[in-house]
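**Student:** need coordinates for the below:
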Amino acid sequence: MASAAYAALAAYFWRTRWHAVAAHSGEDPPAYMRGWERAALLVPLVLHGTLLWRELFAATELHFGFAYALSAMLWIGVLIYWIESLFLRLAGFEPLLLPIAAAAVPLPSFFPGHASLYAASTGFRLHLALAMLAYSLFTIAMLHALLMTLIERRLHRLRETSPEQRAPLAGPLAHLPPLLTLERLLFRIIGVAFVLLTLTLATGIGYSESIFGRPLKFDHKTVFAIASWLTFALLLGGRVLRGWRGRTALRWTLAGFVMLLLTYVGSRFVLEVLLGRA
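**Tutor:** Numbering: from 1, shown residues only. Next up is the predicted model:
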């Protein structure tokens, strides 16, 4: 039901905000979500959140894997978007985010993951919560960067046309904040996500030391986690010191996001699905 509701809303927002017919129908698509649209989005959010709570926190035995990580990541991502939409004109993100959420909801039914031996540990649950928050914010940042790239390309095409043929942006792109405002918002999201990623690594080091007797377990997850942290640290440093923006910022955001996915979700996908190991 949650997946179907996400998919139905994604189709609705695509038709009303993005479809080419909407741009030529003479109707101006709304810049904000209407009240009933926001209420409708709460339905799959509540259903999805209830599922995750029952499986990850209320259950006596915690099963976790790449499917649960993706599902939790997308739930938090949609929730963050829903909250942000109360204050910002973000119409246009829905067709990008909701189809991924619709696909992620049923995944744990097919790939239940493995039982964790340390589910009762407060340190483990704190580490898990911080990691999912960081993942979700970086997912929002990635979609945000892709949408900015689309706007930048549309504007570049407009500048290449003659003044007589030049037309303003149509559809939801016309109602988004200015590109510089979106860029500031993007780096604000990345900055908060970077703080959460730093806390995730710190709690992971403390958790590893208490369980395994050493602060870092040297494996592919550690390598990718540190690499993604360094990538986003360089991106934020380049932004402050050298004014990085545009395509440079997008490339660094994409590189950091891919390494972050490989840290846990990608590695667990390979183990659970491709290799059939828990």
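**Student:** lowest average confidence, helix or strand, in this structure?
**Tutor:** In the chain, the helix or strand scored least confidently by mean pLDDT, DSSP states H and E is helix 20-24, which has a mean of 48.
**Student:** tell me the first helix or strand C-terminal of that helix.
**Tutor:** Heading C-terminal from helix 20-24, the first helix or strand you meet, by DSSP states H and E, is helix 35-53.
**Student:** so which bits of that following helix are buried?
**Tutor:** 37, 40, 41, 44, 45, 47, 48, 49, 51, 52 (16 or more other Cβ atoms under 10 Å). Glycine gets a C-beta too; all of them are placed from N, C-alpha and C.
**Student:** elements contacting that helix?
**Tutor:** helix 2-13, helix 66-84 (3 or more Cβ pairs under 8 Å, 6 or more residues apart in numbering; DSSP states H and E).
**Student:** what angle separates that helix from helix 66-84?
**Tutor:** 150 degrees (axes from the mean of the first three to the mean of the last three Cα atoms, to 10 degrees).
**Student:** remind me which residues of the stretch 101-250 of the chain are low pLDDT?
**Tutor:** Within the stretch 101-250 of the chain, the ranges that satisfy pLDDT under 70 run 113-123, 157-177, 207-219.
**Student:** again, only using 80
**Tutor:** By pLDDT under 80, the weakly predicted segments of the stretch 101-250 of the chain are 111-129, 147, 150-182, 204-222, 245-247.
**Student:** please enumerate the helices of it.
**Tutor:** If DSSP state H, counting those that start in this stretch is used as the criterion, the helices of the stretch 101-250 of the chain fall at 107-110, 122-160, 179-212, 220-242, 246-261.
**Student:** do you know which of those lies nearest residue 13?
**Tutor:** With Cβ to Cβ, the closest approach to residue 13 among the helices of the stretch 101-250 of the chain belongs to helix 122-160: 13.4 Å.
**Student:** buried residues in the closest one?
**Tutor:** 123-125, 127-145, 147-148, 151-152.
**Student:** now do stretch 242-252
**Tutor:** Using 16+ other Cβ under 10 Å as the test for burial, stretch 242-252 gives 244, 245, 249, 250, 252.
**Student:** from these, which is closest to residue 14?
**Tutor:** Taking Cβ to Cβ as the measure, residue 14 lies nearest residue 250 of the buried residues of stretch 242-252, at 23.2 Å.
**Student:** from residue 66, how far out is the closest one?
**Tutor:** Distance of residue 250 to residue 66, computed by Cβ to Cβ, to the nearest Å: 25 Å.
**Student:** repeat for residue 87
**Tutor:** From residue 87 to residue 66 the distance is 33 Å (Cβ to Cβ).
**Student:** same thing with residue 179?
**Tutor:** Look at residue 179 and residue 66: by Cβ to Cβ, they are 35 Å apart.
**Student:** then residue 197?
**Tutor:** For residue 197, the distance to residue 66 equals 18 Å [Cβ to Cβ].
**Student:** which of the two has more neighbours?
**Tutor:** Between residue 197 and residue 66, counting by other Cβ atoms under 10 Å, residue 197 is the more crowded of the two (26 against 22).
**Student:** ok, the more buried one - contacts?
**Tutor:** Going by Cβ atoms under 8 Å, 6 or more residues apart in numbering, residue 197 touches 134, 138, 228, 229, 232, 260.
**Student:** out of the residues you listed, who's nearest residue 81?
**Tutor:** Distance to residue 81 across the contacts of residue 197 (Cβ to Cβ) is lowest for residue 138, with 13.6 Å.
**Student:** surely that closest one meets residue 190?
**Tutor:** Yes. The pair residue 138 / residue 190 is scored as a contact, 7.4 Å apart, by Cβ atoms under 8 Å.
**Student:** redo the helices of the stretch 101-250 of the chain as CSV? Include distance to residue 10.
**Tutor:** Output for those, formatted as CSV (distance: least, Cβ to Cβ, whole Å):
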stretch, distance to residue 10
helix 107-110, 17
helix 122-160, 13
helix 179-212, 22
helix 220-242, 28
helix 246-261, 21
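**Student:** wait, which of those is closest to residue 75?
**Tutor:** Counting by Cβ to Cβ, residue 75 lies closest to helix 122-160 out of these; the figure is 7.9 Å.
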